[in-house]
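Visitor: here is the input, now give the coordinates:
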Amino acid sequence: GRGGPGRGAAGVRPFARGPGRSRRRRGAAGAHSAARGVARRAAAAALVGFERATVSTLHAFCRSALVGLGMLGDVGGRGAATASGRDRDDIVRDLLVTRLAADPAAFAVPGDADSRDPEALEERLVDAVKRVLNDPGATLVPGAPSGGFGRRAEPGAAGAWAGLVATVVAELRRRLDARAELDFGQLVARLDEVVGDPDRGPVAVRALRERYRLVLVDEMQDTDAVQWRVLHRSFRADPERLGPPAAMVMVGDPKQSIYRFRGADVHAYLRAKEDADDVRAIRVNHRSSPALIGALDLLLRGATFGSDLIAYDPVTAPATAGPVLAGEGGDLELRWVPRYPSLVTDGKFRAGRSDALVLEDLAAHAVDLLRTTRTADTPDRPGRPLVPGDLAVLVGSGDEAEAVVAALRAVGLPAVRPRAGDVLTSE
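Guide: Below you'll find the model as predicted:
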């Protein structure tokens, strides 16, 4: 083709004459054509073979691996308990009602009204149980802020809380065992036990490496210590004794791991990164405008997120990317709630009391955007006024989503909340 290897090869001797030059041209063109044919066949084979690849969550992989290992996996006919959320909620409600009936202040924390509210306690208890079930390495520590309270609990209340969480987990697993089911955390723990066993482990690992030659782990930051240990033992560790490691590609963003989604452990991500043979980063953001990237760079340059090893990494946007919106307002806006006297107690800002103000400001800002802002003109189409469907609000919980929907509807804006089920109880 024009500009291809054939022209480059012919141009090595620009003053050549006679049949030799023609033969060199034909030979180079033929080699180029053959190479393109090989590439096309390889691409076609990859597209056909891609559908035969195993694509699953880590929990589904663990179950598939255990079943595939046969007696080594020792799961028999057990399945994953995808419906255990109903059992969990029933157990939580029954045990909490029984405990509060005996002592209404069993979990009370001074200054925390929700610690005496049965509905708030139920929500916290469900969240704590989810964390334990989805993180086999989780440890309940009386007195720790992560034990279900927003602040450090009193020793008595913390101990009672940790005991109640452990009781719920034990009862749930008893019911699952009676039905020959495993929860998702148990699937990971079982495979961890198998690949780490001094007798069964080497045989199991060799079988997994033979079956999975290439392993791609997406959202690596959502793993915890036990999950990373399973992946490392199965595909990376001790190649001299366990056989050649699998080709393993891990994709993740450590800044997301600080939110501990599904019990994610940022230290597990950092250990995985340290173990990698090669580390690459995406330096171009194709989702945001250059102006927004510039504003974020100005705001976050030099920032770290929980560790000096997790720093803000500046990126660029394609030069061809134009503005997304036209109208007043900056590319990045920060909004904050002033320290009104009604929001301060004993010199401390009580964030919970500001919720109503935040929702009121959110609704007013949404109305203002829809009245004053347009999408920017592009070479393909002219700009247009924003419509409600252009706006999205990110929240931290289902309750916040309901509150946002109510606030937007109160000012006449149509708002909906997507309902995709509970990701913590899904595969």
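
Visitor: now do Arg41, the pLDDT please.
Guide: You'll see Arg41 listed with a pLDDT of 87.

Visitor: what is the subsequent helix or strand relative to the helix or strand harbouring it?
Guide: Under the criterion of DSSP states H and E, Arg41 resides in helix 19-50. Counting by DSSP H and E, the next helix or strand C-terminal to helix 19-50 is helix 58-68.

Visitor: could you pull out the buried residues of that next one?
Guide: 58-59, 61-66 (16 or more other Cβ atoms under 10 Å). All C-beta atoms are positioned from the backbone trio N, CA, C, and that covers glycine.

Visitor: strands of the stretch 101-250 of the chain, start to end?
Guide: Remark: strands assigned in the stretch 101-250 of the chain by DSSP state E, counting those that start in this stretch are 181-182, 214-217, 247-250.

Visitor: okay, now the unreliable bits of the stretch 151-300 of the chain?
Guide: Low-confidence segments of the stretch 151-300 of the chain, defined by pLDDT under 70: 151-155, 258-264.

Visitor: pull the distance from stretch 238-250 to the chain's centre.
Guide: 25 Å (Cα atoms, centre = their mean, to the nearest Å).

Visitor: okay, the buried residues of helix 58-68 in TSV with pLDDT next?
Guide: Formatted as TSV, those follow (pLDDT from 0 to 100):
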residue	pLDDT
Leu58	87
His59	83
Phe61	90
Cys62	90
Arg63	87
Ser64	87
Ala65	89
Leu66	88
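
Visitor: distance to Ser289 added to those, as TSV?
Guide: Output for the buried residues of helix 58-68, formatted as TSV (distance: Cβ to Cβ, whole Å):
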residue	distance to Ser289
Leu58	35
His59	37
Phe61	38
Cys62	41
Arg63	43
Ser64	42
Ala65	43
Leu66	47
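
Visitor: helices of the stretch 251-400 of the chain, start to end?
Guide: 254-257, 266-275, 290-300, 355-372, 398-410 (DSSP state H, counting those that start in this stretch).

Visitor: out of those, the one nearest Thr378 is which?
Guide: Set against Thr378 and scored by Cβ to Cβ, the helices of the stretch 251-400 of the chain come closest in helix 290-300, at 14.4 Å.

Visitor: name the residues that touch the closest one?
Guide: Contact partners of helix 290-300, identified using Cβ atoms under 8 Å, 6 or more residues apart in numbering, comprise 285, 288, 312, 314-319, 321, 323-324, 330-332, 334.

Visitor: over to stretch 335-346?
Guide: The contact list for stretch 335-346 (Cβ under 8 Å, 6+ apart) reads 349-350, 353-354, 357-358, 361, 365.

Visitor: report the buried members of those.
Guide: Buried among these by 16+ other Cβ under 10 Å: 354, 358.

Visitor: and the contacts of stretch 335-346, which is closest to Phe107?
Guide: Checking the contacts of stretch 335-346 against Phe107 by Cβ to Cβ gives Arg350 as the nearest, at 20.3 Å.

Visitor: which ones are touching that closest one?
Guide: Contact analysis of Arg350 by Cβ under 8 Å, 6+ apart lists 343-344.

Visitor: let's have the chain start at 18 instead
Guide: Will do, 18 is the new start, and the previous item becomes Arg367.

Visitor: show the pLDDT at it.
Guide: Looking at Arg367, its pLDDT stands at 74.

Visitor: now it: how far from Arg58?
Guide: 66 Å (Cβ to Cβ, to the nearest Å).

Visitor: and Gly102, by the same measure?
Guide: Distance from Gly102 to Arg58, by Cβ to Cβ: 48 Å.

Visitor: okay, these two: which has more neighbours?
Guide: The residue with more neighbours, out of Gly102 and Arg58, is Gly102; 18 against 10, by other Cβ atoms under 10 Å.

Visitor: tell me which element that one falls in.
Guide: In this structure, Gly102 sits in helix 101-119 according to DSSP H and E.

Visitor: out of the strands of the stretch 118-267 of the chain, which is the most enclosed?
Guide: Mean neighbour counts were compared across the strands of the stretch 118-267 of the chain using mean count of other Cβ atoms under 10 Å; the top stretch is strand 198-199, at a mean of 22.

Visitor: within the sheet, what are the partner strands of it, with directions?
Guide: Applying DSSP bridges, strand 198-199 is found paired with strand 96-97 (parallel).

Visitor: okay, the helix holding Gly102 in CSV with CA atoms only?
Guide: The C-alpha trace of helix 101-119 is given here as CSV (Å, rounded to 0.1, in the frame of the first residue of the first chain):
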residue,chain,number,x,y,z
SER,A,101,-28.7,-15.2,51.4
GLY,A,102,-29.6,-11.5,51.7
ARG,A,103,-33.1,-12.5,52.7
ASP,A,104,-31.8,-14.9,55.4
ARG,A,105,-29.4,-12.2,56.6
ASP,A,106,-32.0,-9.6,57.0
ASP,A,107,-34.3,-11.9,58.9
ILE,A,108,-31.6,-13.0,61.3
VAL,A,109,-30.5,-9.3,61.8
ARG,A,110,-34.0,-8.2,62.6
ASP,A,111,-34.8,-11.1,65.0
LEU,A,112,-31.6,-10.9,67.0
LEU,A,113,-31.7,-7.1,67.2
VAL,A,114,-35.3,-7.0,68.4
THR,A,115,-34.5,-9.7,71.0
ARG,A,116,-31.4,-7.8,72.3
LEU,A,117,-33.1,-4.4,72.4
ALA,A,118,-36.1,-5.8,74.1
ALA,A,119,-33.8,-6.9,76.9
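
Visitor: mind giving me the packing neighbours of it?
Guide: Helices and strands touching helix 101-119, by 3 or more Cβ pairs under 8 Å, 6 or more residues apart in numbering; DSSP states H and E, are helix 135-151, helix 172-195.

Visitor: okay if I get those helices as CSV plus mean neighbour count and distance to Arg116?
Guide: Shown next, in CSV, are these (neighbours: other Cβ atoms under 10 Å; distance: least, Cβ to Cβ, whole Å):
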stretch, mean neighbour count, distance to Arg116
helix 135-151, 19, 9
helix 172-195, 17, 6
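
Visitor: okay if I get those helices as a markdown table plus distance to Val247?
Guide: A markdown table is the format used below for the helices and strands packed on helix 101-119 (distance: least, Cβ to Cβ, whole Å):
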| stretch | distance to Val247 |
| --- | --- |
| helix 135-151 | 14 |
| helix 172-195 | 20 |
